[in-house]
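>>> okay, sequence plus prediction incoming.
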Amino acid sequence: MKFGFVTCVQLGLSCIESIYQSGGKLDLLITLHDNKARQKSGRIYLDDISKREDVELLKINHVNDIEVIDAVRKHDIDWLFIIGWSQIASYDLLKAPKNGCIGMHPTLLPVGRGRASIPWAIMKNLQETGVTMFKMDKGVDTGDIIGQEIIDIDQSETATSLYKKVNEAHATLIKNIYPKLLEGTINLMKQDESKATIWEGRTPADGEMKYEMKVEEVDRLVRATTKPYPGAFIISNNVKIIVWSGRIRERNQPDSIKLIINFSNGDFLIDEFDIEILDQV
């Protein structure tokens, strides 16, 4: 059984490491050219592991380029992992590996199809989320489920801590499923379309805190958009304050040297922030 792997982010690299740590191997690595997506959250490079494990590394502009399809066929790939990759795979690519392509999505599908899974899980105040491995089809996150790993979400969860949990869940899930792929013993389960939800993509501008927001909403926004994401922010007098961490200020809590911002039903005490002076309009 031969495997290929497409990724350009830490979640994918953790999966690759997990495969090798459990005694498995890959036959082809595919990633973006070094000058592409440099600001992407969790961006990594595969040169070191390619050299260490002596596996061919193909650098590309787009996953659907003919050179990708040719490489998959040339290496006689049975399963192609495409993990942490925002470009949608074409029909031709999905059919290039003998058995198909495998994706992993950081929600418990069919809930949370789409983008920004980690921020949305916190913004929606969920108590649990997870990672789903699935056989890719022509839809987005709609393929048959191969396996899932559940992740508990704490009330104080941040994007930083949840990203770490998601990363660990990716590594655990692929470690458990890889032997079944080798043996050809995986079980595919159709997604329940009646439970499907779609989470929209987010941009840095969606991190803006509004004075009319409830302080509980502000708290979730700050925790959901902190590192490795661009951060929540507020603009006042042409100054942008980027908030990396903070907490709801309790009643009668004494003032401190940290910044306090008033919102509709309470105060938010900022523990860590950056300041940018904006250009005058």
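It's in. None of the values given here were measured: they were computed from a predicted structure.

>>> distance from stretch 179-191 to the middle of the chain?
Here the centre of stretch 179-191 is set off from its chain's centre by 23 Å, with CA atoms, centre = their mean, to the nearest Å.

>>> domain assignment for this structure?
Residue ranges of the domains in the chain are recorded as 3-199, 204-277, according to automatic domain parsing.

>>> mind checking the end-to-end distance for the first one?
Across domain 3-199, the straight-line distance between its terminal residues is 30 Å, by CA to CA, to the nearest Å.

>>> run a quick neighbour tally on E212.
E212: 8 surrounding residues under other CB atoms under 10 Å. For every residue, glycine as well, the C-beta is placed using N, CA and C.

>>> just the C-alpha atoms of stretch 183-190, please, in PDB.
Taking Å, rounded to 0.1, in the frame of the first residue of the first chain, the C-alpha atoms of stretch 183-190 are listed here in PDB:
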ATOM      1  CA  GLU A 183      -5.000  -3.800   6.000                       C
ATOM      2  CA  GLY A 184      -7.900  -2.600   4.000                       C
ATOM      3  CA  THR A 185     -10.300  -2.900   7.000                       C
ATOM      4  CA  ILE A 186     -11.700   0.600   7.300                       C
ATOM      5  CA  ASN A 187     -15.500   1.100   7.600                       C
ATOM      6  CA  LEU A 188     -17.000   4.000   5.800                       C
ATOM      7  CA  MET A 189     -20.100   5.700   7.300                       C
ATOM      8  CA  LYS A 190     -22.400   8.100   5.400                       C
END
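
>>> I'd like the mean pLDDT over it, please.
What stretch 183-190 shows for mean pLDDT is 96.

>>> most tightly surrounded among the domains of the chain?
Mean neighbour counts were taken over the domains of the chain using mean count of other CB atoms under 10 Å, and the top value, a mean of 18, falls to domain 3-199.

>>> test my guess that Y178 contacts K25.
No: with the criterion set as CB atoms under 8 Å, Y178 and K25 do not qualify as a contacting pair; they are 10.0 Å apart.

>>> low-scoring stretches of the protein, by residue?
For the chain, applying pLDDT under 70 flags the ranges 252-257, 280-281.

>>> after the longest helix along it comes which helix or strand?
Using DSSP state H to define each element, the chain has its longest helix at helix 159-183. Once helix 159-183 ends, the next helix or strand along the chain (criterion: DSSP states H and E) is strand 198-199.

>>> helices or strands up against that next one?
Using 3 or more CB pairs under 8 Å, 6 or more residues apart in numbering; DSSP states H and E, the elements in contact with strand 198-199 are strand 113-114.

>>> which neighbours do Y178 and K25 share?
Contact with both Y178 and K25 is made by residues I19, according to CB atoms under 8 Å, 6 or more residues apart in numbering.

>>> OK, contacts around M213?
L221, F263, S264.

>>> with E200 instead?
E200 is in contact with G114, R115, A116, counting by CB under 8 Å, 6+ apart.

>>> how about the last one, nearest residue that isn't a chain neighbour?
So the one you mean is A116. With CB to CB, 6 or more residues apart in numbering as the measure, R202 is the residue that lies nearest to A116, at 4.1 Å, once sequence neighbours are left out.

>>> quick check: that neighbour touching G114?
No: counting by CB under 8 Å, no contact exists between R202 and G114, whose distance comes to 10.0 Å.

>>> nearest spatial neighbour of A121, skipping sequence neighbours?
Leaving out its chain neighbours, the residue that sits closest to A121 by CB to CB, 6+ apart is T129, at 4.3 Å.
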